[in-house]
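Q: The following comprises the amino acid sequence and a computationally predicted model.
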Amino acid sequence: MNASNQSSNHQFDSQDKAQGQSLDHSDGFFMRIANLFLCRIGERFLGKMDAGLEVGTVEGHLPDGSVRMLGGRQSGPYVSVDLNNWYALVRIGRDGSIGLFESWRRGEWASNHPEILFELFTRNRKAMGDTARASGFNRLLAKLLHFFRRNSKNGSRRNIEFHYDLGNDFYKLWLDENMNYSSADFAGLKANKDNLAKAQNQKIDRLLDRLDLQDGQNLLEVGCGWGALAVRALGQKAIAYHGITLSYEQKSLCDEILAKTSEISDRADVTITDYREVTGQYDAIASVEMVEAVGEQYWPDYCNMIAQSLKPNGKAAIQYIRIEDDIFEAYRDSADFIQHYIFPGGMLISESRFRALAEKRGLSWVDQYDFGLDYADTLKIWRIKFEEVVKQGLLPKQFDERFIHMWRFYLLYCEGGFRGGAINVSQVTLMKA
C-alpha cells in the first residue's frame, strides 16, 4: 500500500469515525426524545387506568424506578406489576388484550399474579370503559380478521382443527382422566386437582338430570368432546346416543373409549357432522360449551337446530359461557386475545340474547344455574397441571416457547375474567312445547 492510499484511507476512517460519533449522538438524542414521548403516553394511560379502578389496587413499578399506586379507593384485589418498558402501554392502548399478551410475552411487563390484574380489569369494566381495548385501525383490523375466520361450514372445520386437533396427547397431559374440557362443578367439594374428575362427573350428572332420560329414548350431544358425557349417559340409562363433532382427534378417542364396552358401543354413534347438518329428531339434546364457539352470525342456526331436532315435549340441557350484557357491545365491537389466538371464529353470547333467540323458536328457558367461580377454579387447576407438564418437559416437541406463553396466558386471562364477573358459565334447560 503506498503512502497516498494510506493517507486517503486514514482520512476516510477519520470521517467515518466522526460520522459514527455524530450518529451515536443523534441516536442518543432521538432515543431520549422517544423515551420521553413514550413516558408521556404511558403516564396518560396510567391516569386513565387509575381513574377506572373503583375497587382494588395496582402497585405499579415503573421503568424509571418509581412506584405508583393505582386505584385503592375501595377494598378489592391487590396486585403488583413491574412495567419494564413504557411501550407495553402503547401496545395495550393500541391492541387491547392482544397487546396485553404480546407485551407480556416480550417481558415488557410482568407480575407474579397476572390473573389478579385481569380480575381487576373485569371487576372495574364499567368504569374502565375502553381503556384496555383495541383502538383505531388496529381494532378494525382485528375485527376484519375475525370476520374472515367466521364459522361457515368450511371455516368451522378449519377453526376446530386449529384448536381441538392440537392432539389428544396434548390434552391428556393436563385435563382430568375423562378428558373434560369445560367447567367442573365443585359444589360441596374442595376445588383442587384431586377432586377435578369428581367435580367434572358432578357437572355431567347435573346436566343429565335436567333431561330426565328414560330407557329407550335417544340423546343427541352437539359437540361431544372426548366422550365423557356419552359414557356417563349410556351407563345410566338404556338409551341410544348420537354424538357429533368436527374434530377427527376427538372422534378417534371417542370411538376408542366407547368400543371398550360392547353394551355401550352398540347403542352409540359418533359422527363428523356440522350441527347445521343434523337430521332426525331426538327426545333430548345435550350441548356443553358449544354456542359460544359458533359465532354471532350463526347463533340463530344453532337455536334452529335445537328447536327442529327436539321431539315435542323434548328437552335440551345446555352449558354455555356468557359475557355480561353490560359489556357486550364493547366486546362485540372488536376481537380479543381469545378470538385471535385461541378460538378463531368464536364469540361469547349474552344471556339476554341467547334467551331471546331460544324463546323466539318456541323453547322455554328454565332453571338457569350459574357457577362462574367454579370455572375460575377449574382453569387454575388446569394451569397448575399444565405448568407441571412444562416443568417436566412432557409437552410434545411441536409446542415451542411461544405456544407455552400463549397457553399460559390463555388460562390466566380466562381465570381472571371469571373471578372478575365479566364472564360466567351457566346450565339451562330449553323445553319444547
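A: Looks like it arrived, so ask away. Quick caveat: nothing in here was measured; it's all calculated off a predicted structure. Residues are numbered from 1 along each chain as shown.

Q: Show me what counts as buried in stretch 223-235.
A: Buried residues in stretch 223-235, defined by neighbour count with 16 or more other CB atoms under 10 Å: 223-234. The C-beta positions use only the backbone N, C-alpha and C, and glycine is treated the same way.

Q: List the contacts of that stretch.
A: Applying CB atoms under 8 Å, 6 or more residues apart in numbering, the external contacts of stretch 223-235 come out as 168, 171, 178-182, 200-201, 204-205, 207-208, 213, 219, 221, 239, 241, 243-245, 250, 253-254, 257-258, 264, 267-268, 270, 275, 286-290, 293.

Q: any low-confidence regions in this protein?
A: Across the chain, the ranges flagged by pLDDT under 70 are 1-34, 36-37, 132-148, 157, 159-160, 162, 164-165.

Q: Spatially central residue for it, please.
A: Compute the mean C-alpha point of the chain, and by CA atoms, centre = their mean the closest residue is residue 338, 4.4 Å away.

Q: Contact partners for it?
A: Residue 338 neighbours (CB under 8 Å, 6+ apart): 97, 346, 410, 413-414.

Q: Out of the contacts of stretch 223-235, list just those in strands.
A: Cross-referencing those against strands under DSSP state E gives 219, 221, 241, 243-245, 268, 270, 286-288.

Q: between those residues, which is nearest residue 113?
A: Minimum distance to residue 113 across the ones in strands among the contacts of stretch 223-235 is 29.3 Å, recorded for residue 288 (CB to CB).

Q: Quick one: neighbours of that closest one, just the number.
A: Neighbours of residue 288 under the rule other CB atoms under 10 Å: 25.

Q: Likewise for the one 5 residues further on?
A: Residue 293 has 25 neighbouring residues, counting by other CB under 10 Å.

Q: which residues in the stretch 151-300 of the chain form helices?
A: For the stretch 151-300 of the chain, the helices defined by DSSP state H, counting those that start in this stretch occupy 153-163, 168-172, 196-211, 228-236, 248-258, 262-265, 291-294, 299-309.

Q: will you turn the ones you listed into CSV that also has distance to residue 378?
A: Shown next, in CSV, are those (distance: least, CB to CB, whole Å):
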stretch, distance to residue 378
helix 153-163, 17
helix 168-172, 14
helix 196-211, 7
helix 228-236, 14
helix 248-258, 19
helix 262-265, 26
helix 291-294, 16
helix 299-309, 24
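
Q: got the CA coordinates for stretch 240-257 in CSV?
A: In CSV, the C-alpha atoms belonging to stretch 240-257 read as follows (Å, rounded to 0.1, in the frame of the first residue of the first chain):
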residue,chain,number,x,y,z
ALA,A,240,-79.4,-44.6,22.1
TYR,A,241,-76.7,-41.9,21.8
HIS,A,242,-75.5,-39.8,18.8
GLY,A,243,-72.6,-37.5,19.3
ILE,A,244,-71.4,-35.0,16.7
THR,A,245,-68.0,-33.3,16.4
LEU,A,246,-65.9,-31.7,13.7
SER,A,247,-62.6,-32.9,15.3
TYR,A,248,-61.2,-36.1,13.9
GLU,A,249,-58.9,-36.3,17.0
GLN,A,250,-62.0,-36.2,19.3
LYS,A,251,-63.9,-38.8,17.2
SER,A,252,-60.9,-41.1,17.2
LEU,A,253,-60.7,-41.1,21.0
CYS,A,254,-64.5,-41.3,21.4
ASP,A,255,-64.6,-44.4,19.2
GLU,A,256,-61.8,-46.0,21.2
ILE,A,257,-63.4,-45.3,24.6
